[in-house]
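A.B. asks: Okay, predicted coordinates and the sequence, questions at the end:
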Amino acid sequence: MPIVRVALDVPLSTLFDYTVAEGIAVSVGQRVIVPFGRRQMAGVVMECAATTDVPPERIKPVTQVLLDSAPLSAGLLDLLRFCSDYYRYPIGQTVLSALPTRLRSDKPVISKPILSYRLSAGGAALDLESFPKRKVVQRRILAKLAEQPCNLAQLRALSATVGAQLKTLVQEGWVESVALAPTLSPSPSPASGRGEPIANHTFDNAHILTVEQQLAVDAVTQSSGYACFLLHGITGSGKTEVYVHLMHDVLQRGGQVLLLVPEINLTPQLENYFRIRFPDVNLISLHSGLSEGERLHNWQQAQLGAAQIVLGTRLSVFAELPGLALIIVDEEHDSSFKQQDGLRYSARDVAIFRANQHSVPVVLGSATPSLESYHNALSGRYRMLKLTGRALAEARLPAVRCININQTVMHHGISENLLREIGLRIERREQSLLFINRRGYAPVLMCTSCGWLSGCKHCAGKMVLHLKEQRLRCHHCGYQIRVPNACPSCGNADLHPVGSGTQRVESVLQERFPQARILRVDRDSTRNKRAWQTMREQIHANEVDILVGTQMLAKGHDFPALTLVGVLNPDSALYSSDFRAPEKLFAQLVQVAGRAGRAEKPGEVIIQTEFPDHPLFRALQTHDFEGWAASQLAERQMAGFPPFMFQAMLRAEGKIETEVYAYLNHARAAAMELQHPVEVLGVVPAALPRRANHLRAQLLVQATSRKALQQFLRAWQPMLDALPAAKLRCSLDIDPLEF
Ligand code: ADP
Ligand code: ZN
Ligand code: ZN
């Protein structure tokens, strides 16, 4: 009887063999349901075989073959095998975690028909001018549907409230819905995966490219097969425009483009942008903010080759793309491309592997490339493409100025000079942004009498004061209590907030500028799903004078009225124990500075620091990424850090300290025993040595080549698997970003 080897979502690094009953056709890549222990589980057929090592009396038959979706391609399975091997993560969990939730379940997927909306006869006859002006969103929907029928996903970009407004329009009879047949299992033969060339798709060719942009576009379109490009362009240099032209080229040839972006809150805006540029192209997005149904639908659109542009966050690097012709990774330095649990993959690195596997080009874009990528471009492994000027001639880079906080008057963390500049902006009806990477009111509460600090009783960290809610909250474990009336240690009633977070900055500003419209943007104020989008609309409508926010505000948003950026407390990153902290700070400050003066108004950036002469700030002032990167790379080389070293981190945490350390010490002994050319550093406590009552420690292994590290890990892992660790949470992180 034929045998199939099945990947299952269990933490074991093997496939599982099953028989297939006569007359049932099963192929590689198909989803099946199989008995596992006393359960039935969904899995994916990875191999078909004639023989098995499982004794005949123990092997069981496949319960059901799921024919509701096309089988996964051999190429995708290869990619997942590579990831499982490279990231030392069980094959079954790797394969299953790459699929949309619905395809992971043991139930057949019932694709609900996707509704398409169009104008009713009444709606078509309607004169939009006579429609009430204040119903802004409804007017936008009607205008859009007058151009073409759309589904909900396509309308989303119009407003946060599109769903409710659409419902009203349907109820009032202006719009009607039609069900499109769900796209089910017509398994695409490899050849038909390639979409129809859309040679004359509408292309809003809005700009004449600058010389540098054209050179970049040509370099990529004229390359053949695999090549990795680093598009290093300052903020506002028109990287997006380069992407658009590259996409246009691919679409004309009938290929699919995968565009990876760092974070979910960037996607609605970007999605809208590309839809406008390519109005008759099927563009879908893939990110964790979609409903399970939407995600499945979009995934299948990509799998069938029906979606020509796939715009997604890191998980979309595993989307099926039969016609893949180009991968773009925007903001390639962003750490959110790295998954921090489960399969700890870097979507950027997987994208490069995938491009190589498919023999297509991959473009990494950034104003502040990661030192890894930059080093690879300098050494010729990647091809460097540079955009050194801003695309709009009149848009200048912002002037950057440091204010020494020890030599000026400070008001609860904000200097008088900065407050004066904000006042000027309010008079000129321009916007200011204050950047502070800490939410809450103050990072800690202190007793002025005995020095008690608001520590978390479950963690090694401090509880953050949230004054509005009158709570102390631990941002590590979520534990919270009411703010005590008196010091729990000595009874003194005089408790003081130390340092500031976004809430405190907001209240200082409210006091100073009572008339100003202040908007705080952090994880607390944007918890509600649509809140951030609504805020963005307010900012664009110039209904905000001062923005106070965390790094959420730093990324890729285009706020035309913004002319002043204040950076409040960047200093801790200068002397952090994390060797990547300065790199991250530099990137963040360039990003946040790039928000200022993007339109015709020149921007200004004010940095409050104790160290105005620090080389990092000097480099920012002169917009000298090259010089800064060169000095950082030289330091990294001397200290023996990435990109000159390749690292893997073994982490362990558990309730009992001795067990945690025993595990890691055994792991260390095993590593030494192997006598591979690797360096083993530690065991040391984690940066946060206790979290939610778990003690945490780690062990770092590094080697001078990726290959040496991989060989070592392959030998080491079986030894780790054999160590007793029942009560511990252990993980191996390859190319770790967090220390
Ligand atoms: P980046 O992504 O590099 O920060 P963008 O692609 O957002 O830059 O471009 C910045 C601005 O310049 C945008 O408003 C864009 O429309 C405009 N732009 C880009 N390329 C050109 C060009 N060749 N000519 C005129 N304007 C351009
Ligand atoms: Zn006290
Ligand atoms: Zn805690």
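C.D. replies: That came through, no problem. Numbering: from 1, shown residues only. Ligands and ions are numbered 1, 2, ... in the order given.

A.B. asks: can you give me the helices in the stretch 1-150 of the chain?
C.D. replies: Ranges of helices within the stretch 1-150 of the chain are 74-86, 91-97, 101-104, 121-125, 136-147, based on DSSP state H, counting those that start in this stretch.

A.B. asks: three-state assignment of the closest residue to Y273 other than its chain neighbours?
C.D. replies: Spatially, and ignoring its direct neighbours in sequence, Y273 is nearest to T240 (7.4 Å; CB to CB, 6 or more residues apart in numbering). Bear in mind the C-beta positions are built from the backbone N, C-alpha and C, glycine included. What DSSP: H, G, I helix; E, B strand; the rest coil gives for T240 is helix.

A.B. asks: Against ligand 1, how distant is T240?
C.D. replies: 3 Å (CB to the nearest ligand atom, to the nearest Å).

A.B. asks: how much space between that residue and D330?
C.D. replies: Separation of T240 from D330 (CB to CB, to the nearest Å): 8 Å.

A.B. asks: ok, back up a step: how about the helices of the stretch 1-150 of the chain, which one is nearest ligand 3?
C.D. replies: Counting by CB to the ion, ligand 3 lies closest to helix 91-97 out of these; the figure is 27.8 Å.

A.B. asks: Close to ligand 2: what parts of the stretch 301-450 of the chain are there?
C.D. replies: Neighbours of ligand 2 within the stretch 301-450 of the chain, by CB under 5 Å from the ion: 447, 449-450.

A.B. asks: List the buried residues for the worst-scoring helix or strand of the chain on mean pLDDT?
C.D. replies: Least confident element among the helices and strands of the chain, by mean pLDDT, DSSP states H and E: helix 152-155 (a mean of 76). Going by neighbour count (16 or more other CB atoms under 10 Å), the buried part of helix 152-155 is 153-155.

A.B. asks: What is the nearest of those residues to P560?
C.D. replies: L155 (24.6 Å; CB to CB).

A.B. asks: where does this protein dip in pLDDT?
C.D. replies: 109-114, 157, 179-206, 264-268, 393-395, 529, 556-557, 598-600 (pLDDT under 70).

A.B. asks: which residues does the residue nearest to A486 when sequence neighbours are not counted contact?
C.D. replies: Nearest residue to A486, sequence neighbours excluded (CB to CB, 6+ apart): A493, at 4.7 Å. Neighbouring residues of A493 by CB atoms under 8 Å, 6 or more residues apart in numbering: 485-487.

A.B. asks: Most neighbours out of the residues you listed, which is it?
C.D. replies: C487 (20 neighbours; other CB atoms under 10 Å).

A.B. asks: tell me which residues in stretch 321-330 are buried?
C.D. replies: Applying 16+ other CB under 10 Å to stretch 321-330 flags 321-330 as buried.

A.B. asks: Nearest to L96, out of those residues: which one, please.
C.D. replies: Nearest member of the buried residues of stretch 321-330 to L96, counting by CB to CB, is L321, at 19.3 Å.

A.B. asks: Tell me the bridge partners for the residue nearest to that closest one when sequence neighbours are not counted.
C.D. replies: Using CB to CB, 6+ apart and skipping the chain neighbours, the partner closest in space to L321 is Q256 (4.9 Å). Legend: beta-bridge partners of Q256 under DSSP bridges are L324.

A.B. asks: just the one 4 residues further on next, same as before
C.D. replies: L260 has these beta-bridge partners by DSSP bridges: G312, V329.

A.B. asks: For it, give its distance to ligand 2.
C.D. replies: The gap separating L260 from ligand 2 is 51 Å, by CB to the ion, to the nearest Å.

A.B. asks: Determine the number of other residues adjacent to that residue.
C.D. replies: 27.

A.B. asks: show me what contacts it?
C.D. replies: 312-314, 316-317, 327-330, 337, 347-348, 351.

A.B. asks: and ligand 2, which of the contacts of A493 reach it?
C.D. replies: C487.

A.B. asks: So V360 sits against L324, correct?
C.D. replies: Yes - contact between V360 and L324 holds when scored by CB atoms under 8 Å: they sit 6.0 Å apart.

A.B. asks: returning to that earlier point: list the contacts of the residue nearest to L321.
C.D. replies: Contacts of Q256 (CB under 8 Å, 6+ apart): 195, 250, 302, 305, 307-310, 321-325.

A.B. asks: Ok, S316 next?
C.D. replies: S316 touches 258, 260, 286-287, 310, counting by CB under 8 Å, 6+ apart.

A.B. asks: Name the residues of the protein found near ligand 2, please.
C.D. replies: 447, 449-450, 452, 487, 489-490, 492.
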